[in-house]
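A.B. asks: got a sequence here, can you model it:
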Amino acid sequence: MKKVTFITAFPEFLECFLEHSVVGRAIGSKTIEAHVVNLRDFAVNRYGQVDDYAFGGGGMVLMPEPLAKALESVGGEDATVVYPSPQGTVLSQELVESLAGRDHLVLVCGHYEGVDERFVEKFVDLEVSLGDFVLTGGELPAMVLVDAVARLVPGVVGKIAAVEDDSFYRGMLDHPHFTRPSEWRGVQVPGVLLSGDAGAIGKWRKEQSVARTIARRPDLLAAANIRPYLQKRPYLLLSGETAGFPGCLRQMGQAAGLYGIERILVVEPDNGSRQQLNALTEKSGDGERNFVKFFRTSRQAFRWVSQKEGEVPYAVGFEEKKGGNSIHWLEAKRRILESGKPMVMGLSKDLPETQALVSPPRGGLEQEGWLDPAVLLSICMDRFFGCR
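C.D. replies: Just a heads-up that it's a prediction; the model follows:
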């Protein structure tokens with residue numbers, strides 16, 4: 001967002017917001033350009049009328065012609081017109097990120113019962129709601145939206161890391177914050193924050209984000225990429241049969257690398273078949289050989305992970321068909337985060353044991369069907385480690 005324009009019948013509502021704090025500094029430094037259009041400048045008469053009674057009764061409604069003229073005075077056909085409304089899409093961090101990529105946002109601030117629906121149908125690109133409640137006007141939600149979007153504009157907030165660590169940016173709630181003094185009314189700041197150990201502080205903050213999200217907003221896990229919040233590393237286990245499909249190792253290697261998998265563990269008891277698979281990785285020449293490790297048995301693979309991570313891994317098995325003991329993938333994400341253990345994921349039939357047995361994906365028409373193992377595992381990696 002480079003430019004924002006407010007259309008309002010009450011421009012004085014916005015003066016303080018646009019002159020102070022983070023948004024005010026961004027406007028002062030010309031990082032963001034802001035304008036306020038007074039709707040009453042386009043009134044239908046000399047008395048400044050911009051509203052009238054609703055047909056059928058029910059209160060006052062902003063008239064379409066003053067709104068249209070005010071919008072047309074702004075110019076710029078590339079502007080995105082946003083109308084804060086209780087009937088709109090609920091504002092979320094994902095929507096904020098999308099709006100931050102638009103060059104020019106025009107916020108149309110309604111009042112009373114709202115605006116004439118014909119104006120909405122003809123000019124508005126997006127209706128946005130702050131939630132299931134009603135305000136007296138659109139100025140407050142317009143300011144909220146601009147404040148949220150402005151934080152994502154480069155140069156508005158000092159460090160992008162400060163934005164990325166905020167609640168919802170990665171799908172998790174933010175960690176607790178503390179400042180001086182280190183002891184206040186008998187309550188101490190957590191010792192790790194005073195240690196100066198950046199690694200330990202980062203680990204503590206991630207643990208706190210996970211604990212808060214699970215306790216307060218477990219629904220957020222659906223959209224969360226949990227990879228940055230794992231205390232130990234994840235691994236992907238494949239059977240030799242699956243890995244032997246043409247192109248499978250290369251495709252799974254690309255997907256696993258994208259989603260932050262530490263290693264692919266291929267289990268193949270037959271020496272000859274194992275040598276053939278190993279030869280495939282040697283031919284790749286792109287580091288694939290070091291990314292794939294071969295084992296005779298799955299238990300051998302688990303012992304290797306245990307030695308490498310210093311802890312027995314948490315096994316997550318994906319079902320090819322729904323079984324009686326399987327759980328939803330959201331519940332599996334919660335359990336993985338709570339365990340704090342390294343993770344080995346794979347088809348349930350290929351794992352020696354499982355702590356979490358995950359139901360297979362269901363299609364867009366609620367149907368279930370067989371999926372190629374590589375496709376199934378790729379879908380599951382995306383659900384756990386994909387950014388939304």
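A.B. asks: from here on, just use CA atoms for contacts and neighbour counts.
C.D. replies: Will do.
A.B. asks: so after the lowest-mean-pLDDT helix or strand in the chain, what's the next helix or strand?
C.D. replies: Every helix and strand of the chain was ranked by mean pLDDT, DSSP states H and E. The lowest is helix 160-164, at a mean of 67. Sequence-wise, the next helix or strand downstream of helix 160-164 (DSSP states H and E) is strand 183-184.
A.B. asks: work out the gap between the following helix or strand past that following strand and the centre of the chain.
C.D. replies: Tracing the chain past strand 183-184, the next element assigned as helix or strand by DSSP H and E is strand 187-188. Between the centre of strand 187-188 and the centre of its chain there are 33 Å (Cα atoms, centre = their mean, to the nearest Å).
A.B. asks: and for stretch 73-86?
C.D. replies: 25 Å.
A.B. asks: walk me through the domains of this protein.
C.D. replies: 3-150, 183-224, 230-385 (automatic domain parsing).
A.B. asks: got CSV for these, with distance to residue 177 too?
C.D. replies: Below are the domains of the chain laid out as CSV (distance: least, Cα to Cα, whole Å):
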stretch, distance to residue 177
domain 3-150, 19
domain 183-224, 9
domain 230-385, 21
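A.B. asks: any chance of those domains in TSV, plus mean pLDDT?
C.D. replies: Output for these, formatted as TSV (pLDDT from 0 to 100):
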stretch	mean pLDDT
domain 3-150	96
domain 183-224	95
domain 230-385	91
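A.B. asks: restricting to C-alpha, output stretch 336-344 in PDB.
C.D. replies: Listed next in PDB are the C-alpha coordinates belonging to stretch 336-344 (Å, rounded to 0.1, in the frame of the first residue of the first chain):
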ATOM      1  CA  ILE A 336       3.200 -32.700  17.900                       C
ATOM      2  CA  LEU A 337       3.700 -29.200  19.200                       C
ATOM      3  CA  GLU A 338       2.900 -30.300  22.800                       C
ATOM      4  CA  SER A 339       5.300 -33.200  22.600                       C
ATOM      5  CA  GLY A 340       8.400 -31.100  21.900                       C
ATOM      6  CA  LYS A 341      10.000 -34.200  20.300                       C
ATOM      7  CA  PRO A 342      11.600 -34.800  16.900                       C
ATOM      8  CA  MET A 343       9.100 -36.000  14.400                       C
ATOM      9  CA  VAL A 344       9.100 -38.800  11.900                       C
END
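A.B. asks: what lies in contact with that stretch?
C.D. replies: 210-211, 226, 229-237, 302, 309, 311-316 (Cα atoms under 8 Å, 6 or more residues apart in numbering).
A.B. asks: show me what counts as buried in it.
C.D. replies: Of all the residues in stretch 336-344, those buried under the rule 16 or more other Cα atoms under 10 Å are 336-337, 340-344.
A.B. asks: thinking again about what came up before, which of the contacts of stretch 336-344 count as buried?
C.D. replies: Buried among those by 16+ other Cα under 10 Å: 210-211, 226, 229-237, 302, 312-316.
A.B. asks: tally of neighbours for the residue nearest to residue 335 when sequence neighbours are not counted?
C.D. replies: Once flanking residues are discounted, residue 335 sits nearest to residue 356: 7.9 Å by Cα to Cα, 6 or more residues apart in numbering. When neighbours are counted by other Cα atoms under 10 Å, residue 356 registers 23.
A.B. asks: then residue 214?
C.D. replies: Neighbours of residue 214 (other Cα under 10 Å): 20.
A.B. asks: inside helices: which ones of the contacts of stretch 336-344?
C.D. replies: Those of the contacts of stretch 336-344 mapping onto helices are 210-211, 302, 309, per DSSP state H.
A.B. asks: farthest pair within the residues you listed?
C.D. replies: 211 and 302 (27.2 Å; Cα to Cα).
A.B. asks: and the host helix or strand of residue 380, what does it pack against?
C.D. replies: Using DSSP H and E, residue 380 sits in helix 373-385. Here helix 373-385 touches helix 248-258, strand 343-347, going by 3 or more Cα pairs under 8 Å, 6 or more residues apart in numbering; DSSP states H and E.
A.B. asks: ok, now with 10 Å
C.D. replies: strand 234-239, helix 240-243, helix 248-258, strand 314-318, helix 329-339, strand 343-347 (3 or more Cα pairs under 10 Å, 6 or more residues apart in numbering; DSSP states H and E).
A.B. asks: of the domains of the chain, which is nearest residue 172?
C.D. replies: domain 183-224 (5.9 Å).
A.B. asks: so how far does the closest one reach from one end to the other?
C.D. replies: End-to-end distance for domain 183-224, by Cα to Cα, to the nearest Å: 34 Å.
A.B. asks: next one: it to chain centre, how far?
C.D. replies: So, by Cα atoms, centre = their mean, the centroid of domain 183-224 is 19 Å from its chain's centroid.
A.B. asks: and the helices in the stretch 1-150 of the chain?
C.D. replies: Taking DSSP state H, counting those that start in this stretch to define them, one finds helices in the stretch 1-150 of the chain at 15-19, 21-28, 64-74, 93-100, 117-123, 139-150.
A.B. asks: quick check, residue 380 in contact with residue 329.
C.D. replies: Yes - at 8.4 Å, residue 380 and residue 329 qualify as touching, with contact defined as Cα atoms under 10 Å.
A.B. asks: these two - which one has more neighbours?
C.D. replies: Neighbour count, other Cα under 10 Å: between residue 380 and residue 329, residue 329 has more, with 22 against 19.
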